[in-house]
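[1] heads up, no residue letters with this:
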């Protein structure tokens, strides 16, 4: 083994040796692709939540508006003096709401089939076996007398059910 003379040793210490330099710390910017994907996913979920929330509010407002319009129309019909015209307008209002909610297949229904349809849309039989039969009978009676209050109440309940959230279409 060869030894280094002390003169050379002194000279080696004169050589400028630098300390070990660590790399600079990793910057948080620009973000790694995974963070961009996570950020886009979070923004997408927030936008989807907001869209669903506003859509439900619009549907609720629309449903409320339709219900208000139907009830206003019902009040106008109630002011009609002639019982034949009264029942005719009630039938027309029922038909318009049914067509709006269930489609054009309802438009051709008449007579007993129409009353059966009305009953099936709320699982009751008030039209086919109750006071609702007057919608078919009254216009053809010689003396058109009707218990307007009962038929109006029946129609109002059906319309309430159809223009509320619980009366979802059974298409």
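    Perfect, I can see it now. Computed from a predicted model, the values in this text were never measured in an experiment.
[2] packing partners for the longest helix along the chain?
    In the chain, assigned by DSSP state H, the helix with the most residues is helix 33-78. On a contact count with 3 or more CB pairs under 8 Å, 6 or more residues apart in numbering; DSSP states H and E, helix 33-78 meets helix 83-102, helix 148-162. (Each C-beta comes from the backbone N, C-alpha and C, glycine too.)
[3] The last one: which residues count as buried?
    Right, the one you point to is helix 148-162. Neighbour counts over helix 148-162 (16 or more other CB atoms under 10 Å) mark 148, 151, 152, 154, 155, 156, 158, 159, 160, 162 as buried.
[4] Could you check the angle it makes with helix 33-78?
    Between helix 148-162 and helix 33-78, the angle comes out at 170 degrees (axes from the mean of the first three to the mean of the last three CA atoms, to 10 degrees).
[5] Use 32 as the first number for this chain going forward.
    Will do, 32 is the new start, and the previous item becomes helix 179-193.
[6] what would the helices and strands packed on helix 64-109 look like in JSON lines with distance to residue 167 and mean pLDDT?
    Shown next, in JSON lines, are the helices and strands packed on helix 64-109 (distance: least, CB to CB, whole Å; pLDDT from 0 to 100):
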{"stretch": "helix 114-133", "distance to residue 167": "9", "mean pLDDT": "90"}
{"stretch": "helix 179-193", "distance to residue 167": "12", "mean pLDDT": "90"}
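[7] of the ones you listed, which approaches residue 156 most closely?
    helix 179-193 (11.5 Å; CB to CB).
[8] Now do that closest one: everything it contacts.
    Here helix 179-193 makes contact (CB atoms under 8 Å, 6 or more residues apart in numbering) with 98, 101-102, 105, 109, 114, 117-118, 121, 124-125, 128-129, 132, 149, 152-153, 157-158, 161-163, 165-166, 198.
[9] That one vs helix 114-133, what angle?
    10 degrees.
[10] Okay then, goodbye and thanks.
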